[in-house]
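>>> With the sequence up front, the predicted model follows.
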Amino acid sequence: MSISNTATPPKRKPTIVRWLIFILMLVLGAINYIDRTSLGIAMPFIQEEFGIHDERIVGLIHSAFFWSYALMQIPSGFLADRFKTRTIIAVATIIWGAFQAVGAACHQVLTLSLTRIGLGISEAPIMPAGAKLMGNWLTPNERGRGSMLLDGGAPLGTALGALLLTWLIGHFGSWRIAFIIAGVGTVVVGAMAWFFIRDKPSEHPSVNAEELTYIEEGINSAKTSSPSKTRLRDILPYLTQLNVLALIGGWACYSTVFYGLMVWVPAYLKTAHGFNVKEMGGAMTIMFLLCFVGQQLGGYIADKWRSAGTAPNKVFHVLLAISAIVSGGGVFLCANTSSPTMAVIFLTIALFPLRWASVYWSIPGLLGAQKMAGTITGTMNFCSNMTAAIVPILVGWMIHRTGSYYSAMMFFAFAAAGYLVCSMLINFNRPMVLKDPE
């Protein structure tokens with residue numbers, strides 16, 4: 001007599017491919033900001049070599065990146081909605097790495113500015129494409145952490161860039177070699193992105209059935225409409241909604257604070273507080289590394305708080321209010337201290353919760369607009385980077401006119417107040433109205 005084996009096989013744990021993809025996006029974001037930060041770190045040496053003595057020229061060089069980056073945001077978001085996200089991310093990364101390396105061959109302000117324009121164009125698709133990936137790979141209750149990973153490369157890359165680039169410049173005695181190494185490293189990671197990232201979980205060979213089911217059930221339970229063909233003009237109905245306008249305004253104000261500090265803090269510490277290159281690199285590393293830690297903490301708190309059943313309005317309004325108030329207060333206190341140590345402490349306090357604004361990337365998907373998430377976030381980033389393009393010029397003029405950084409720091413504190421107001425105007429109980437194309 002035979003006995004058949006009817007035991008149910010043990011249920012497998014879901015794989016974590018979705019998180020590995022967003023860790024890779026974190027790495028890409030960090031490299032993105034290492035390449036951006038390279039100019040700010042190297043600028044004192046570039047000024048000396050190129051004979052630049054006018055801070056307004058420095059502001060123009062910094063702004064070259066942001067003009068091109070901003071102008072490509074809406075087209076990049078549209079591309080993310082229409083074409084394969086994996087291809088867009090890999091190709092963009094490889095091209096921007098090439099522009100970073102070519103910058104090492106420049107000997108004039110014009111040619112250096114042109115490489116920064118190329119860097120801005122090629123970096124532009126990464127964040128809208130990442131927002132699209134987030135909607136396809138993460139459930140609604142995971143998107144707080146996903147947003148922080150997606151956007152966490154900014155403080156992490158700034159911190160690592162300050163450490164790496166100051167070491168490379170000190171070791172080789174050349175900012176040019178530092179640019180080449182950063183560019184080649186970027187190209188290598190771009191190739192890695194092509195081999196690992198897929199547009200959807202169902203396309204990835206390493207996703208098991210349990211993870212696929214978990215993702216699909218989580219996303220399908222939150223869907224409010226069926227997908228349809230995306231057209232660029234479909235963004236127009238969204239631009240009449242207060243939620244979208246507040247999203248755009250808040251991100252522009254936040255970006256003014258973050259990019260203003262990222263671009264000008266190296267020169268501020270050197271000029272206002274007498275830091276040498278090693279002290280400057282060390283301070284930047286501490287400030288932006290803790291900014292990264294604070295960012296990940298914010299994402300964890302947001303997801304856990306929401307999972308406990310707390311209303312989205314309360315979760316996001318409290319977190320964003322803390323972010324804006326602490327950041328603005330820290331910058332204000334920094335502007336009013338003469339102590340180098342206290343300046344670093346106040347800037348660290350300001351930066352720690354500032355990147356909680358990264359939840360902005362998940363808001364279109366959370367409010368039912370996943371079909372247009374790439375285009376909406378591209379529009380959001382376009383407006384913020386147009387602001388970021390103007391800010392270096394404006395700050396350079398302020399410094400040239402006043403002979404100090406005080407007015408610039410107060411300007412950043414004022415922008416933090418704008419970030420607070422716009423964040424409070426976003427109603428997380430009001431879905432974004434979806435307009436299906438006719």
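Thanks, I have the structure now.

>>> Need the contact partners of the helix or strand hosting W194.
Using DSSP states H and E, the element containing W194 is helix 175-196. Helix 175-196 is touched from outside by 20-21, 24, 27-28, 31, 34-35, 38, 41-42, 45-46, 86-87, 89-94, 96-105, 161, 164-165, 168-169, 172, with contacts defined as Cβ atoms under 8 Å, 6 or more residues apart in numbering. (Glycine included, C-beta is placed from N, CA and C.)

>>> buried set for it?
Neighbour-count burial for helix 175-196 flags 175-176, 178-183, 185-187, 189-190, 193 (criterion: 16 or more other Cβ atoms under 10 Å).

>>> repeat for stretch 302-316
302-303, 305-306, 312, 315-316.

>>> Export the buried residues of helix 175-196 to TSV and append columns for distance to G378.
TSV is the format used below for the buried residues of helix 175-196 (distance: Cβ to Cβ, whole Å):
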residue	distance to G378
W175	32
R176	33
A178	31
F179	28
I180	31
I181	31
A182	26
G183	25
G185	27
T186	22
V187	24
V189	23
G190	20
A193	19
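
>>> tell me which of these is nearest to L247?
A193 (27.2 Å; Cβ to Cβ).

>>> quick one on the thing from earlier: any idea of the mean pLDDT in the helix holding W194?
Averaged over helix 175-196, pLDDT sits at 89.

>>> Using CSV, list the CA coordinates for it.
This file holds the C-alpha atoms of helix 175-196, laid out as CSV (Å, rounded to 0.1, in the frame of the first residue of the first chain):
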residue,chain,number,x,y,z
TRP,A,175,41.0,69.0,-10.4
ARG,A,176,41.2,67.6,-14.0
ILE,A,177,42.1,64.1,-12.9
ALA,A,178,39.3,64.2,-10.4
PHE,A,179,36.8,65.0,-13.2
ILE,A,180,38.1,62.2,-15.4
ILE,A,181,37.8,59.6,-12.6
ALA,A,182,34.3,60.7,-11.7
GLY,A,183,33.2,60.6,-15.3
VAL,A,184,34.6,57.1,-16.0
GLY,A,185,33.0,55.8,-12.8
THR,A,186,29.6,57.2,-14.0
VAL,A,187,29.8,55.4,-17.3
VAL,A,188,30.5,52.1,-15.6
VAL,A,189,27.5,52.4,-13.3
GLY,A,190,25.3,53.3,-16.3
ALA,A,191,26.2,50.0,-17.9
MET,A,192,25.3,48.2,-14.6
ALA,A,193,21.9,50.0,-14.6
TRP,A,194,21.2,48.6,-18.1
PHE,A,195,21.9,45.0,-17.0
PHE,A,196,19.8,45.1,-13.8
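
>>> Quick one: list the elements packing against the helix or strand just after it.
Following helix 175-196 in sequence order, the next helix or strand is helix 209-220 (DSSP H and E). When contacts are defined as 3 or more Cβ pairs under 8 Å, 6 or more residues apart in numbering; DSSP states H and E, helix 209-220 sits against helix 17-50, helix 126-137.

>>> which residues touch helix 209-220?
11-18, 135-142, 201-202.

>>> and among the helices and strands packed on helix 209-220, the most buried is which?
Counting by mean count of other Cβ atoms under 10 Å, helix 126-137 has the highest mean neighbour count of the helices and strands packed on helix 209-220, with a mean of 27.
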